[in-house]
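Colleague: Quick one, fold the following:
(one chain, ligands or ions: 2)
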Amino acid sequence: MAIPSLVPQCTLTRTVVVPFVLLLISFTLLFSFHPPFKATLSKFAPFITSHATHPPYTAAVVYLVRLSHADELLESLASVNAFLPLRDPWPIILFHTGDFDDTPVQDDFLASLRKKIGGPSNNSIMDFSDRVEFVKLDWVLPEGIPHTKEELDPVSPSSWPGYHHMCAFYSTKIFFNPRLRDVTYYLRMDTDSLFLEPLCYDPFEVMHLHQRSYGYLGIGNDAPQVTKGLWNFIRDYAGSHPEVESHLNASTTWKWPSNFTNGEVDWDDVPIHGYYNNFEIVKLEEFRKPEVEEWFYHLVQYPEGFYKWRWGDAPLRWVTTQMFFDMERDTERLCGIHYYHPYNYIEQCECVPLHP
Ligand SMILES: Nc1nc2c(ncn2[C@@H]2O[C@H](COP(=O)(O)OP(=O)(O)OP(=O)(O)O)[C@@H](O)[C@H]2O)c(=O)[nH]1
Ligand SMILES: [Mg+2]
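Modeller: Numbering: from 1, shown residues only. Ligands and ions are numbered 1, 2, ... in the order given. The predicted structure follows:
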């Protein structure tokens with residue numbers, strides 16, 4: 001009786017143990033192999049198809065969101081899915097400040113998203129909702145200013161402090177958010193931003209091929225009520241940073257107030273240009289250069305700027321690009337994007353496909 005019971009045991013040894021040992025040996029060999037040179041790997045490149053086709057950058061679509069605006073966010077996301085021809089299904093990052101923190105809230109939102117735009121997205125079989133990530137931001141009022149509205153007496157008190165936090169986030173902090181550490185380009189949309197028609201190119205590809213640092217749709221002005229002190233702040237910074245001053249003075253698109261008013265005007269009454277940056281594409285590393293970071297540090301060292309005077313991210317994006325970029329070489333007006341955002345008028349320019 002012992003023999004019959006041994007037969008299955010031997011069979012088991014042969015069918016399970018032997019392949020297992022062989023598998024183990026192959027894994028050990030595989031993982032102990034370090035290619036001495038990159039060139040060695042390139043011999044196998046034809047077989048590594050995903051590497052061969054992967055673009056040399058990463059990207060993400062980012063939003064700052066509120067649960068109270070979930071419906072308009074769904075519309076905006078649907079327009080991203082329908083009209084933005086991305087070559088890869090890049091992540092959709094929803095920054096929030098706690099109201100999307102609970103799993104049931106996230107699940108609910110994703111279920112609504114699936115109902116609205118379920119199915120494959122952006123040249124892939126990946127469901128749009130599987131690309132969505134929720135990333136929490138911790139917004140705290142900075143030291144050095146009163147933490148009550150009554151004491152601080154901010155401009156735009158009805159939206160304080162949320163809107164003011166938003167301005168500080170998009171002006172300075174976003175570039176250093178850990179989730180974006182390995183992201184080359186982000187495309188920002190606001191919950192009230194909409195694409196209206198299909199775009200004839202992938203805007204990340206344009207940014208990459210044209211080697212741009214900042215992509216935008218249009219430029220407007222921010223009202224003097226929300227830029228109090230900003231001209232003087234910029235002038236003082238330029239005064240103590242000669243390289244910034246000479247860069248600004250050499251720019252054909254930069255005008256100090258005195259240049260067009262003969263110095264007879266209160267600078268606080270002069271509007272400052274601002275990008276309509278409720279849509280923008282940013283090459284993150286360009287905004288993390290030490291000289292740019294120093295400017296951001298200077299800004300956050302004066303918390304009244306954002307939290308009392310409500311300096312906006314739109315004029316600050318304009319000022320930052322003017323200070324540190326070659327406006328002609330580094331920025332791109334992205335044409336052919338049929339886009340809607342309340343109160344912005346964007347002049348259309350023709351859509352030119354990248355690969356006609
Ligand atoms: N979490 C959070 N998000 C906000 C807050 N305020 C604004 N946002 C988001 O920040 C983005 C910009 O806000 P908007 O209110 O659209 O700002 P805006 O475009 O300058 O102003 P509008 O002309 O009113 O559209 C949107 O995606 C908003 O959802 C806030 O207090 N909390
Ligand atoms: Mg808006």
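
Colleague: Would you map the strands across this structure?
Modeller: 59-64, 92-96, 120-121, 124-127, 132-136, 185-189, 194-195, 214-216, 219-222, 272-275, 279-283, 331-333, 339-340 (DSSP state E).

Colleague: Tell me who's in contact with the residue in the stretch 201-350 of the chain positioned nearest to ligand 2.
Modeller: For the stretch 201-350 of the chain and ligand 2, the shortest gap (CB to the ion) falls at Asn278, measuring 4.9 Å. Glycine gets a C-beta too; all of them are placed from N, C-alpha and C. Applying CB atoms under 8 Å, 6 or more residues apart in numbering, we find Asn278 in contact with Arg188, Met189, Asp190, Asp192, Ser193, His341, Asn344.

Colleague: buried subset of those residues?
Modeller: Buried members of those, scored by 16 or more other CB atoms under 10 Å, are Arg188, Met189, Asp190, Ser193, His341.

Colleague: quick one: low-confidence parts of the stretch 1-150 of the chain?
Modeller: By pLDDT under 70, the weakly predicted segments of the stretch 1-150 of the chain are 1-54.

Colleague: those helices in it, which residues are they?
Modeller: 2-12, 18-32, 38-42, 49-53, 70-83, 103-117, 149-152 (DSSP state H, counting those that start in this stretch).

Colleague: residues from the stretch 251-356 of the chain in reach of ligand 2?
Modeller: With CB under 5 Å from the ion as the criterion, the stretch 251-356 of the chain meets ligand 2 at residues Asn278.

Colleague: if you set the cut-off to 8 Å instead, what comes out?
Modeller: Asn278, His341, Pro342 (CB under 8 Å from the ion).

Colleague: Also the chain?
Modeller: Asp190, Thr191, Asp192, Ser193, Asn278, His341, Pro342.

Colleague: Intersect the contacts of Asn278 with the contacts of ligand 1.
Modeller: When CB under 6 Å from any ligand atom is applied, the members of the contacts of Asn278 adjacent to ligand 1 are Asp190, Asp192.

Colleague: Next one: the closest residue to ligand 1 within the stretch 101-250 of the chain from Ala168, what distance?
Modeller: Ligand 1 sits closest to Gly162 of the stretch 101-250 of the chain, with a gap of 2.0 Å, by CB to the nearest ligand atom. Gly162 is 11 Å from Ala168, where distance means CB to CB, to the nearest Å.
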